[in-house]
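> Fold the following.
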Amino acid sequence: MDLNGVPATLDQVKALALTNYGHFTSMLVENGEVRGLSLHMERLSRDCRQLFDHDLDIEQVRGYVRKALGEQTGGRVVVRVTVFDPALDLGTIGRDAHPHVLVTHRQAASGSPAPWRLQAAAYQRDMPSVKHVGLLGPMQRRRAAQREGFDDVLFLNPDGTISEIATSNIGFVREGRIIWPRSAYLTGITMTLLNQELDEQIVTEPLTLSDLPGMDAAFATNAATGVRAVSAVDATEWPSETHTALKELRELYADIPAEPV
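This is a model prediction of the structure:
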């Protein structure tokens, strides 16, 4: 765990727990490369300006990631880059900020991700366009879903339209097209990369639970796992693992060129 390129101390990182103000991105590093690395860096830069009124030095951030990885240039690692200011606290949150960059990493899971069963729940994230560290609401609803036997939670807006999964995007397949919900949500990097490749096959629609039986398949996208089948939302089920569109999406994503860190 490095902060600005050197090992972090407990005093430096405790602001993440006590003040909980900041933003992050998580990315899968494979053999020293990342799909959509430039998009991850753009996200960090954009969110830093929005939360801290500060321009982030992206080349410096990449240097911090390289240093944190060290000699580990092979295999698969999930790297999280978190931007926060250790000097800000609950009473001084309005001061000029001097954001710091925390880099952590863990081994990525191996093999294809198992299909998910999702439980729908009413919830809207604060500032859904920012990948911020305020995860109490999503984690509380994920916990509730898991305690009911589901894998994760699907968020519904007050009008009943679908937005996103707790830390992933959700997409659907219908008659050969990819359908994304039309809603306010965090646009993921994996989602963006697929959109760039598919272009004319992409449709966005306001979707409710009543629309789901008309879908041929469902899937989740996330930078750490790529494309994951969704086998059910509440009582609506799909034979997702056997649908050729999901296999094609995985292959398409795997073929997207990665960028060196």
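> Now for the closest residue to Pro213 other than its chain neighbours, how many residues are close by?
Spatial nearest neighbour of Pro213, excluding adjacent residues (CB to CB, 6 or more residues apart in numbering): Thr236 at 5.6 Å. C-betas here are computed from N, CA, C, even on glycine. As a burial measure, Thr236 scores 18 neighbours (other CB atoms under 10 Å).
> how near is Thr236 to Val29?
Going from Thr236 to Val29 by CB to CB, to the nearest Å gives 35 Å.
> And for Glu175?
Applying CB to CB to Glu175 and Val29 gives a distance of 36 Å.
> Give me the more crowded residue out of these two.
Neighbours per residue (other CB under 10 Å) separate Glu175 from Val29, with Val29 holding more: 22 against 9.
> residues making contact with the helix or strand harbouring that one?
Counting by DSSP states H and E, the element that carries Val29 is strand 22-30. Residues from elsewhere that reach strand 22-30 (CB atoms under 8 Å, 6 or more residues apart in numbering): 16, 34-37, 40, 43-44, 47-48, 51, 65, 69, 75-85, 99, 105, 108, 130-133, 189, 223-224, 226, 258, 261.
> try stretch 252-261
By CB under 8 Å, 6+ apart, stretch 252-261 touches 29-30, 32-38, 62, 65-66, 69, 190, 193-194, 197-198, 226-227.
> Restricted to helices, list those.
Of the contacts of stretch 252-261, the ones assigned to helices by DSSP state H are Leu37, Ser38, Arg62, Val65, Arg66, Leu69, Thr190, Leu193, Leu194, Glu197, Leu198.
> Name the member of these with the most neighbours.
Highest count within the ones in helices among the contacts of stretch 252-261 by other CB under 10 Å belongs to Thr190, 28 neighbours.
> And that one, how far from Gly32?
For Thr190, the distance to Gly32 - CB to CB - is 19 Å.
> and what of His243?
Separation of His243 from Gly32 (CB to CB): 33 Å.
> Repeat that for Ser26.
Counting by CB to CB, the separation of Ser26 from Gly32 is 17 Å.
> The two: which has the busier surroundings?
Comparing Ser26 with Gly32 by neighbour count (other CB under 10 Å), the higher total belongs to Ser26, at 19 against 16.
> if you skip the residues just before and after it, what's nearest to that one?
Arg80 (4.6 Å).
> Could I get the pLDDT score of that neighbour?
Per-residue pLDDT puts Arg80 at 97.
> Tell me if I'm right that it and His105 touch.
Yes. Checked against CB atoms under 8 Å, the pair Arg80 and His105 is within contact range at 7.2 Å.
> Neighbour count for these two, which is higher?
More crowded of Arg80 and His105, by other CB under 10 Å: His105, with 20 against 15.
> Tell me who's in contact with that one.
Val29, Ala68, Leu69, Val77, Val78, Val79, Arg80.
> any idea which of those is the one closest to Thr9?
Nearest to Thr9 among the contacts of His105: Ala68, at 15.7 Å, using CB to CB.
> excluding its backbone neighbours, what's nearest that closest one?
The spatially closest residue to Ala68, leaving aside those adjacent along the chain, is Val103, at 4.1 Å (CB to CB, 6+ apart).
> model confidence over the host helix or strand of that neighbour, on average?
Using DSSP H and E, Val103 maps to strand 100-107. The average pLDDT for strand 100-107 rounds to 95.
> and if you look at stretch 60-69?
95.
> now that stretch, how far from the centre of its chain.
Here stretch 60-69 shows a centroid-to-chain-centroid distance of 20 Å under the convention CA atoms, centre = their mean, to the nearest Å.
> what comes into contact with that stretch?
Residues outside stretch 60-69 that contact it (CB under 8 Å, 6+ apart): 2, 4-5, 29, 32, 37, 41, 44, 77, 79, 81, 101, 103-105, 261.
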